[in-house]
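Novice: Fold the following, please.
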Amino acid sequence: MNELNEYYESVLKKEQALSRYSTIDPMQDIEINIKDTMRPVRLPTHKIHKKKAHDEEATCAKYNDGGSLLFTGGGDGLVRVWDPVSGLEKQTLRGANQAILDLDVSPGTELIAAGCVDNKVIVW
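Specialist: Below is the predicted model of the structure:
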């Protein structure tokens, strides 16, 4: 019990030292009205499409900003671009020699970047 008290006291001393550099007392409780920060969200209740996206596993997926395109990366080294409403493939991006681990899309969808297993990043 003494060790726990000593630890607590050391944390309090550190917090007090840090509070000299802050305008907010770090030990003060800050009240947040969760009701004001939460917005109701409608979640989907049923599946729209289910299809084979890649010859190997689909490893990542990302929507563009407006949600009008869905990008998937796969173990086959491809990035595929889909219309999420119709489920139709719009384009296949090639250039990776190994599996795509992650991808991201720039604002405005001008650029697409994919990180690959072979430690390379490909930008289209």
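
Novice: got the CA positions of stretch 66-79 in CSV?
Specialist: This file holds the C-alpha atoms of stretch 66-79, laid out as CSV (Å, rounded to 0.1, in the frame of the first residue of the first chain):
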residue,chain,number,x,y,z
GLY,A,66,-17.6,12.1,-51.0
GLY,A,67,-18.1,8.3,-50.8
SER,A,68,-18.7,8.1,-54.5
LEU,A,69,-15.8,5.7,-55.0
LEU,A,70,-14.5,2.7,-53.1
PHE,A,71,-10.8,1.7,-53.4
THR,A,72,-9.7,-1.8,-52.4
GLY,A,73,-6.2,-3.2,-52.2
GLY,A,74,-5.4,-6.9,-52.3
GLY,A,75,-2.9,-9.7,-51.9
ASP,A,76,-2.8,-9.8,-55.7
GLY,A,77,-1.0,-6.4,-55.8
LEU,A,78,-3.9,-4.6,-57.4
VAL,A,79,-5.9,-1.5,-56.4
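
Novice: mind listing what's buried in that stretch?
Specialist: Within stretch 66-79, the residues that qualify as buried are 69-79, counting by 16 or more other Cβ atoms under 10 Å. Heads up, the C-betas are built off the backbone N, CA and C, glycines and all.

Novice: what helix or strand does Leu103 sit in?
Specialist: strand 100-105 (DSSP states H and E).

Novice: Given that strand, what are its sheet partners and their directions?
Specialist: The sheet places strand 100-105 alongside strand 112-116 (antiparallel), with pairing taken from DSSP bridges.

Novice: Buried residues in the partner strand, which are they?
Specialist: For strand 112-116, using 16+ other Cβ under 10 Å, the buried residues are 112, 114-116.

Novice: Which residues does that strand contact?
Specialist: With contact meaning Cβ atoms under 8 Å, 6 or more residues apart in numbering, strand 112-116 is reached by 71, 73, 77, 79, 93, 96-106, 121-124.
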